[in-house]
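[1] pasting a predicted model and its sequence here:
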Amino acid sequence: MSQTMLVDTHCHIHEAAGDDDVAAKWHKAGKHDPDELQESARAEGVTRLICVGCTLPDSDLAVEFVRNRDGAWASIGIHPHEAKDYANFIDKQKKFANLAKRPKVVAVGECGLDYFYNHSSKQDQEKILRFQIELALEHNLPMIFHVRDAFDDFWPIFDSYPGVRGVIHSFSATEVELAQIIERGLYVGLNGIMTFTKSETQLAAAKAVPLSQLLLETDAPFLTPAPLRGSICEPKHVRVTAEFLAKLRGETLEDLAISTTENARKLFGLE
Ligand SMILES: [Zn+2]
């Protein structure tokens, strides 16, 4: 137990209490009690977390979940995988947009482009990304971006909207993409990937992220950090990733924690 305070800026624990496929993953691991997840996170100093939505119902769930819960906030998003279910459905878009006004909604996302899986067409992904950027600007909310193998198409879209703030979540690209992110004043979200990647270029990029633009996250229940691979990822594991990164970057855990927590508060509010 320590006084070091950390923020999990990206998790999906609101899904643990549900009854769908994702919830099943939590249940199988015996981790279906969100109170317990939050309590064990607190014990590791992870006192704040953001529950990130990926669809309309999932975002709605996140918003409800954080409503009467201390130390938890929500981000509403339509994941690029799901863009096909929203691109041509104005009704769903309107319902989604209404969520932006709800209490404790601190961001829009995760949204972006994913050309690795291409579960939705590029055209639909762009449409739904633009829709969410416009929503974020309208409500002056920061954004949580998911960009996989798609930075070349992402930047022209992003650059066409001056004033967008946010984070590139689950960053795992190279120093080339890192420079593009940093020059735009965006934050970089690092998670458990860094603890188990074998890629020297990924590690070099993680090392090069300016401390003033670094955020920590888990993406729980996914991306469990080493050496805990094989167990389900929880918000408390932010600490494992933080310890790894502090060592990699030649910083103290305390300095890394103070800066990343301050960055998260600055970007998302979280008061
Ligand atoms: Zn996620």
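    Cool, the structure landed. Residues are numbered from 1 along each chain as shown.
[2] closest to the centroid, which residue in this structure?
    His10 (3.4 Å; Cα atoms, centre = their mean).
[3] next, the contact list for it, please.
    By Cβ atoms under 8 Å, 6 or more residues apart in numbering, the contact set of His10 is Ile50, Val52, Ser75, Glu110, Ile144, His169, Ser170, Gly189, Asn191, Glu217, Thr218, Asp219. Where C-beta positions appear, they are placed from N, C-alpha and C, glycine not excepted.
[4] backbone dihedrals for the fifth one, both of them.
    It refers to Ile144. phi -110, psi 110 (degrees, to the nearest 10).
[5] any idea how far it is from Glu200?
    Ile144 sits 27 Å away from Glu200 when distances are taken as Cβ to Cβ, to the nearest Å.
[6] ok, these two, which is more surrounded?
    Neighbour totals were compared for Ile144 and Glu200, and Ile144 leads with 33 against 8 (other Cβ atoms under 10 Å).
[7] excluding its backbone neighbours, what's nearest that one?
    Nearest non-adjacent residue to Ile144, counting by Cβ to Cβ, 6 or more residues apart in numbering: Gly109, 3.0 Å away.
[8] what about that neighbour, which SS state?
    Following DSSP: H, G, I helix; E, B strand; the rest coil, we place Gly109 in the strand state.
[9] for it, what are its contacts?
    Counting by Cβ under 8 Å, 6+ apart, Gly109 touches Val52, Ser75, Ile76, Gly77, Gln132, Met143, Ile144, Phe145, His146, Gly166, His169.
[10] burial count for the fifth one?
    Spelled out, it's Gln132. Counted with other Cβ under 10 Å, the neighbours of Gln132 add up to 28.
[11] kindly report the same for the last one.
    Residue neighbour count, defined by other Cβ under 10 Å, stands at 25 for His169.
[12] distance check, it against Ser212.
    For His169 relative to Ser212 (Cβ to Cβ), the value is 18 Å.
[13] what's the answer for the fifth one, then?
    Distance check for Gln132 against Ser212: by Cβ to Cβ, it reads 26 Å.
[14] check Thr260 too.
    On the measure of Cβ to Cβ, Thr260 and Ser212 end up 10 Å apart.
[15] okay, the two: which has more neighbours?
    A count of neighbours by other Cβ under 10 Å puts Thr260 above the other of Thr260 and Ser212, at 27 against 12.
[16] for that one, give me its contacts.
    Counting by Cβ under 8 Å, 6+ apart, Thr260 has contacts Leu6, Val7, Leu211, Leu214, Leu215, Leu216, Ala242.
[17] read off the pLDDT value for the fifth one.
    So the one you mean is Leu215. For Leu215, the pLDDT comes out at 98.
[18] likewise the first one?
    You'll see Leu6 listed with a pLDDT of 98.
[19] please report phi then psi for it.
    Dihedral angles (degrees, to the nearest 10) for Leu6: phi -130, psi 160.
[20] wait, what's in contact with it?
    When contacts are counted by Cβ under 8 Å, 6+ apart, Leu6 is found next to Glu44, Gly45, Val46, Thr47, Leu216, Val238, Arg239, Ala242, Ala257, Thr260, Thr261.
[21] the third one bridge partners, please.
    This points to Val46. Beta-bridge partners for Val46, by DSSP bridges, are Leu6.
[22] next, give phi and psi for Cys233.
    Dihedral angles of Cys233 (phi, psi; degrees, to the nearest 10) stand at phi -80, psi 130.
[23] quick check: the gap between it and Glu175.
    26 Å.
[24] secondary structure and distance to His139 added to the contacts of Leu6, as TSV?
    TSV is the format used below for the contacts of Leu6 (DSSP: H, G, I helix; E, B strand; the rest coil; distance: Cβ to Cβ, whole Å):
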residue	secondary structure	distance to His139
Glu44	coil	32
Gly45	coil	31
Val46	strand	27
Thr47	strand	26
Leu216	strand	25
Val238	helix	27
Arg239	helix	32
Ala242	helix	30
Ala257	helix	29
Thr260	helix	25
Thr261	helix	24
